[in-house]
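[1] Sequence and predicted structure are below.
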Amino acid sequence: MKYDILVIGSGIAGMMAAIEAKELGSNVAIVMKKSPMANNSFMAKGGINAALNNMGDGDSIEHHIQDTLKAGMGLAEEEAVRIFCEQAPQIVRELHRKFKVPFTTLPDGRLAQRPFGGTKFKRTVFAADATGPAIMKALNKALNDLNIDTIKNHFALNLLINDGKIAGATFVDEKGELKVIQAKAVIVATGGFAGLYRGHTTNITDATGDGIAMGLRAGLEAMDMEFVQFHPTGLEGTNYLISEAARGEGGKLINSDGKEFVDELNTRDFVTRAIVKQLQKGKKVYLDLTDIPEEIINTKLINLKKRVKSLKGIDISKEPIPITPLAHYTMGGIKTDTYCFTDIEGLFYAGEAGNNGVNGANRLGGNSLSEGAVFGRIAGYQAVKYSHRQQTQIEPKKEDIQKDKELIETLKNTKIDAKKIKDEIGEILFNKLGILRNGYAIKKALDKFEDIKREMSQNHENDSSLNEKIECLNALDIAKVLAKSALYREESRGAHFRMDYPESDHAFLHHTLEKLD
């Protein structure tokens, strides 16, 4: 199979990239690990940021830029931030007008906006409390209307490179066989790796950072992998995310004494650590929505009301919701320039899988969907430009394809208890590379990852699917690079908090770059 543009990943960045490339006349395929709705973009419920100033509070693109830079704690790259914030309003309006996303509107027809953390402005456009599903359904319809080749249930394995140029990628198909797809340009938009914090994450189980692991194996650098954002309000005992929309509509954080202890709309790293301090004191923490008018709950938070009722039997309009922080978003990814180019010609990364510095040390709440849309489109445009210059397909190396075939056969013939391994990795990440860290624990984590990798080659009592085995390999590669980055950064900044180095240090006012081994 040969295409001009190959997009790997079906979230908002991947879909926007594929749509842009197709509308520019390219032959495009988008490959999905499972289905179009099995991604974290679909799970993002609260809203999408754009400085529209529809609420009359004086918001502006410049305010959005400054809020994003401030949240990034000195590591957000201003060029990327400016491009993102300047293009976000156009993207959001286009999602509404062109793609017919049913955003909530004001009586005069303009898009309604709500407050999110890290700003005093009402900047977040929303579709009740189901923004991600509304956007993804609309974009999937556009994929179908444009007749973009959509290849489902294919697990991305490795990038194919020849003489420093991209040639395509290998995949494991539904039958467990190797499939090669060639392309003049490849866009990786496979999302982040917060799903590796199994049992302590808001992410879908498929969010295992496969695209980042592919880039690492191809020799690329990962940037700022130590910055893992924990969302303050996960529903206790579940992986359900209670969107920041609930606090934006007036929800308060209280402890088991009924006392408020933090500004609910501060940045996520700050609010999360404030919650951890309460938990360490033996207090429980709750999100209290009981003062919000019933009409608001039944219109803007209706899905939250239904979900908490089904999971916990709690009526959110009458009693507080028990919450705990959960791993939510990963700022780190494969290093790119501002326009999504990597160090391999013809290879682009967009969304959570890549890192052009737009988030720095901490993502501003509400930025993820608009960031994915903006840079997904940019990646699609730049990939088309590159493919036009690349007159012929680059042929993949036969030995690379053979190596992947041999890997698949080896994994098929080795019993690996992937569930046990992934659960163990998740516990190590949460306990030693979670919200609060220290050098000793990080070193212990590195040792444990090496032990797990050695033990993987031994036959286990239980066996797992081929795809799950590959996820284990990817998880160990990512976990190792994450730990090395966290160990190097001997300071606290944004989402990275070292108890042995609790202050920020100007000497670390730069990005961390790590390669595999």
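    All right, it came through fine. Numbering: from 1, shown residues only.
[2] going forward, measure contacts and count neighbours with C-alpha atoms only.
    OK.
[3] any idea how far Thr68 lies from Leu265?
    The gap separating Thr68 from Leu265 is 14 Å, by C-alpha to C-alpha, to the nearest Å.
[4] who's more crowded, the two?
    Thr68 (28 against 21; other C-alpha atoms under 10 Å).
[5] Leaving out chain neighbours, which residue sits closest to the more buried one?
    Leaving out its chain neighbours, the residue that sits closest to Thr68 by C-alpha to C-alpha, 6 or more residues apart in numbering is Leu364, at 5.9 Å.
[6] does the one you found really touch Thr124, like I thought?
    No. Between Leu364 and Thr124 there is no contact, the gap being 11.2 Å when judged by C-alpha atoms under 8 Å.
[7] Give me the pLDDT for His200.
    With respect to pLDDT, His200 scores 96.
[8] re earlier: what about the residue nearest to Thr68, helix or strand, and which?
    If you go by DSSP states H and E, Leu364 is not part of any helix or strand.
[9] which residues touch it?
    With contact taken as C-alpha atoms under 8 Å, 6 or more residues apart in numbering, Leu364 is in contact with 67-68, 71-72, 117-118, 267-268.
[10] so who does Gln113 touch?
    Gln113 touches 54-55, 122-126, counting by C-alpha under 8 Å, 6+ apart.
[11] can we see that at 10 Å?
    Gln113 is in contact with 47-55, 103-106, 121-127, counting by C-alpha atoms under 10 Å, 6 or more residues apart in numbering.
[12] Gly258 too?
    Neighbouring residues of Gly258 by C-alpha under 10 Å, 6+ apart: 284-286, 288, 320.
[13] how about these, which pair is most distant?
    Greatest spacing in the contacts of Gly258, by C-alpha to C-alpha: Lys284 and Asp288 (12.5 Å).
[14] any residues in contact with both of the two?
    With C-alpha under 10 Å, 6+ apart as the test, Lys284 and Asp288 both reach 254-255, 258, 322.
[15] Name the member of those residues with the most neighbours.
    Ile254 (23 neighbours).
[16] export stretch 15-35 as PDB, just CAs?
    What follows is stretch 15-35 as a C-alpha-only set of coordinates in PDB (Å, rounded to 0.1, in the frame of the first residue of the first chain):
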ATOM      1  CA  MET A  15      -8.100  13.700  12.000                       C
ATOM      2  CA  MET A  16      -7.300  17.400  11.300                       C
ATOM      3  CA  ALA A  17      -4.000  16.500   9.600                       C
ATOM      4  CA  ALA A  18      -5.800  13.900   7.400                       C
ATOM      5  CA  ILE A  19      -8.600  16.300   6.400                       C
ATOM      6  CA  GLU A  20      -6.200  19.100   5.600                       C
ATOM      7  CA  ALA A  21      -4.000  16.900   3.500                       C
ATOM      8  CA  LYS A  22      -7.000  15.500   1.600                       C
ATOM      9  CA  GLU A  23      -8.500  18.900   1.000                       C
ATOM     10  CA  LEU A  24      -5.100  20.000  -0.500                       C
ATOM     11  CA  GLY A  25      -5.400  17.100  -3.000                       C
ATOM     12  CA  SER A  26      -3.200  14.500  -1.600                       C
ATOM     13  CA  ASN A  27      -3.800  10.700  -1.500                       C
ATOM     14  CA  VAL A  28      -4.200  10.100   2.300                       C
ATOM     15  CA  ALA A  29      -4.700   7.200   4.600                       C
ATOM     16  CA  ILE A  30      -5.400   7.400   8.300                       C
ATOM     17  CA  VAL A  31      -4.500   4.300  10.400                       C
ATOM     18  CA  MET A  32      -6.200   3.700  13.800                       C
ATOM     19  CA  LYS A  33      -5.200   1.400  16.600                       C
ATOM     20  CA  LYS A  34      -8.900   0.600  17.100                       C
ATOM     21  CA  SER A  35     -11.800   2.800  16.000                       C
END
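[17] And the average pLDDT for that stretch is what?
    97.
[18] And the most far-flung residue of the chain relative to its centre, how far from Gln278?
    In the chain, the residue that sits farthest from the middle, by C-alpha atoms, centre = their mean, is Asp257; the gap is 34.7 Å. The gap separating Asp257 from Gln278 is 11 Å, by C-alpha to C-alpha.
[19] so what sits against both of those two?
    284-285.
[20] the more surrounded of Lys284 and Asp288?
    Asp288 (24 against 18).
[21] Does that one touch Arg247 like I think?
    Yes. Asp288 lies in contact with Arg247 (C-alpha atoms under 10 Å); the separation is 9.0 Å.
[22] Mutual contacts of those two, please.
    Leu253.
[23] Now the helix or strand that contains Val481: buried residues?
    Using DSSP H and E, Val481 falls within helix 466-488. Applying a neighbour-count criterion of 16 or more other C-alpha atoms under 10 Å, one finds 466-487 buried in helix 466-488.
[24] Ok, stretch 301-308 next?
    Those would be 301-305, 308, for stretch 301-308 by 16+ other C-alpha under 10 Å.
[25] Excluding its own residues, what touches that stretch? List them.
    45-46, 128-130, 235, 240-243, 245-246, 249, 294-298, 309-310, 313-317, 321.
[26] Convert the C-alpha atoms of it to PDB, please.
    C-alpha atoms of stretch 301-308 as PDB (Å, rounded to 0.1, in the frame of the first residue of the first chain):
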ATOM      1  CA  LEU A 301     -23.200  19.200  33.500                       C
ATOM      2  CA  ILE A 302     -25.900  16.600  32.600                       C
ATOM      3  CA  ASN A 303     -23.500  13.900  31.500                       C
ATOM      4  CA  LEU A 304     -21.500  14.300  34.700                       C
ATOM      5  CA  LYS A 305     -24.700  14.000  36.800                       C
ATOM      6  CA  LYS A 306     -25.600  10.700  35.000                       C
ATOM      7  CA  ARG A 307     -22.200   9.200  35.100                       C
ATOM      8  CA  VAL A 308     -21.500   9.900  38.800                       C
END
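[27] So for that stretch, mean pLDDT?
    Here the average pLDDT along stretch 301-308 is 95.
[28] ok, now stretch 80-93?
    98.
[29] any chance you could map the strands in the stretch 251-400 of the chain?
    Using DSSP state E, counting those that start in this stretch, the strands of the stretch 251-400 of the chain run over 252-255, 285-288, 321-330, 333-335, 347-349, 354-355.
[30] Ok, which of those strands comes nearest Leu220?
    Of all these, strand 333-335 sits nearest to Leu220, with 6.9 Å by C-alpha to C-alpha.
[31] Of all the residues in that closest one, which ones are buried?
    For strand 333-335, burial by neighbour count (16+ other C-alpha under 10 Å) applies to 333-335.
[32] Same check on stretch 437-454?
    Applying a neighbour-count criterion of 16+ other C-alpha under 10 Å, one finds 437-439, 441-443, 445-446, 448-449 buried in stretch 437-454.
[33] May I have that stretch as PDB, with CA atoms only?
    Presented in PDB, the C-alpha positions along stretch 437-454 are these (Å, rounded to 0.1, in the frame of the first residue of the first chain):
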ATOM      1  CA  ARG A 437       9.000  12.500  43.400                       C
ATOM      2  CA  ASN A 438      12.500  12.100  44.800                       C
ATOM      3  CA  GLY A 439      15.900  10.900  43.400                       C
ATOM      4  CA  TYR A 440      16.100   7.700  45.400                       C
ATOM      5  CA  ALA A 441      12.600   6.600  44.300                       C
ATOM      6  CA  ILE A 442      13.300   7.400  40.700                       C
ATOM      7  CA  LYS A 443      16.600   5.300  40.800                       C
ATOM      8  CA  LYS A 444      14.600   2.400  42.300                       C
ATOM      9  CA  ALA A 445      12.100   2.800  39.500                       C
ATOM     10  CA  LEU A 446      14.800   2.600  36.800                       C
ATOM     11  CA  ASP A 447      16.100  -0.600  38.400                       C
ATOM     12  CA  LYS A 448      12.600  -2.100  38.500                       C
ATOM     13  CA  PHE A 449      12.100  -1.300  34.800                       C
ATOM     14  CA  GLU A 450      15.300  -3.100  33.900                       C
ATOM     15  CA  ASP A 451      14.200  -6.200  36.000                       C
ATOM     16  CA  ILE A 452      10.900  -6.300  34.200                       C
ATOM     17  CA  LYS A 453      12.600  -6.100  30.800                       C
ATOM     18  CA  ARG A 454      14.900  -9.000  31.600                       C
END
